[in-house]
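S.K.: Build me a structure from this.
(one chain, ligands or ions: 1)
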Amino acid sequence: MAVEKGDINAAGNPVPDLKNEILRLKKEKGAVIMAHYYQPAEIQDIADYIGDSLALAQIAAKLQNAEIIVLCGVHFMGETAKVLCPGKKVLIPDLNAGCSLADSCPVDSFASFVAAHPGHTVISYVNTSIGVKALTDVLVTSGNARKIVETFPKDAKLIFGPDRNLGNYINSVTGRNMVLWNGACHVHEEFSAEKIAELKKEHPEAKLLVHPECKRPLQIMADVVGSTAVLLKYAIESDDKEFIVATESGILHQMQKSCPDKTFIPAPPNDSTCGCNDCRYMKLNTMEKLYECLRTEQPEIIIDAEIAEKARKPIERMLELS
Ligand code: 13P
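M.R.: I've put the predicted structure just below:
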């Protein structure tokens, strides 16, 4: 249950008006709040910038006047912002907000995988640890992966990690044959093609919007495959009125807010009782933690300078090619 102004917290103190306190602290400390589309609705609503992984990296790279960045997303997004803004304090509301994809690709194992494929260019998804980024030639997001992979010759030897579903999708649309790391996202893996097909029978006019981290059968069924920003843009610009959305549930907030006259139906996962449409890491961030994070200026993203320097090159290369 959401904690509200006037309630008493666990320490026996009155709960502050979180929204106003966050806005006050933000101004007082010269902080900027950035939020990914998968964040809880109230965090999206208070953020200065909302975006997909690509937009958040692009905005961080251009931020001039902020002393502090509070990255409401997951850990790797905070790391990317820190690499791009080494002179700023980068905070995230909960340090435990990790990523199942990044976890599926440990640095040592990835280093062995790279070593086993000599002569290959290493392309990694941004959903990786800073250590994996440091082993990478160029990073991509779901918003620019196709464009960046297409900058390489058709016969180039390429490794792609860690998301096998995004990798498969990019191979299919670019005609490349990248060697894929076998990782996946716990949210996107769970959507059920069979249940979506049943839902489509009930809503024959609904367009199916699919994130490329979903499995291949969903990509094939989709009307649109794209990053969260691409799916949102499509929903806004389309004349269609009904959409089935196969990605993390947080994006539905912006879709509904931008298109109040349209209907957005969350795609069903295999187990309808599991709550799998919610990323367990993204939803660790709450307004209470955001307030505490601004108040205490903790937890802060700290990165070893040498690794940050190695990771900067593939991030900057991605931004140049985007
Ligand atoms: P985008 O932000 O590129 O849509 O990717 C979503 C995601 O999986 C973030 O973890």
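S.K.: Please count neighbours and contacts with C-alpha atoms only from this point.
M.R.: Fine.
S.K.: Alongside the ligand, which residues does the stretch 201-322 of the chain contribute?
M.R.: Proximity of the stretch 201-322 of the chain to the ligand, by C-alpha under 6 Å from any ligand atom, involves residues 227-228.
S.K.: Strands along the stretch 201-322 of the chain, start to end?
M.R.: 207-210, 224-225, 242-246, 263-266 (DSSP state E, counting those that start in this stretch).
S.K.: would you turn these into TSV with distance to Lys82 and mean neighbour count?
M.R.: Shown next, in TSV, are the strands of the stretch 201-322 of the chain (distance: least, C-alpha to C-alpha, whole Å; neighbours: other C-alpha atoms under 10 Å):
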stretch	distance to Lys82	mean neighbour count
strand 207-210	30	25
strand 224-225	30	20
strand 242-246	30	24
strand 263-266	33	18
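S.K.: any chance of these in TSV, with mean pLDDT too?
M.R.: Listed next are the strands of the stretch 201-322 of the chain as TSV, based on pLDDT from 0 to 100:
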stretch	mean pLDDT
strand 207-210	98
strand 224-225	98
strand 242-246	98
strand 263-266	97
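S.K.: would you turn those into CSV with distance to Tyr125?
M.R.: Shown next, in CSV, are the strands of the stretch 201-322 of the chain (distance: least, C-alpha to C-alpha, whole Å):
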stretch, distance to Tyr125
strand 207-210, 18
strand 224-225, 16
strand 242-246, 19
strand 263-266, 25
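S.K.: right, and the ones you listed - which one's nearest Asp278?
M.R.: strand 263-266 (10.5 Å; C-alpha to C-alpha).
S.K.: partners of the closest one, with directions?
M.R.: strand 242-246 (parallel) (DSSP bridges).
S.K.: Can I get the partner strand as CSV, trimmed to CA atoms?
M.R.: This file holds the C-alpha atoms of strand 242-246, laid out as CSV (Å, rounded to 0.1, in the frame of the first residue of the first chain):
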residue,chain,number,x,y,z
GLU,A,242,-6.5,-0.8,-29.3
PHE,A,243,-3.1,-2.3,-28.5
ILE,A,244,-1.7,-5.4,-26.8
VAL,A,245,1.6,-4.4,-25.2
ALA,A,246,4.3,-7.0,-24.8
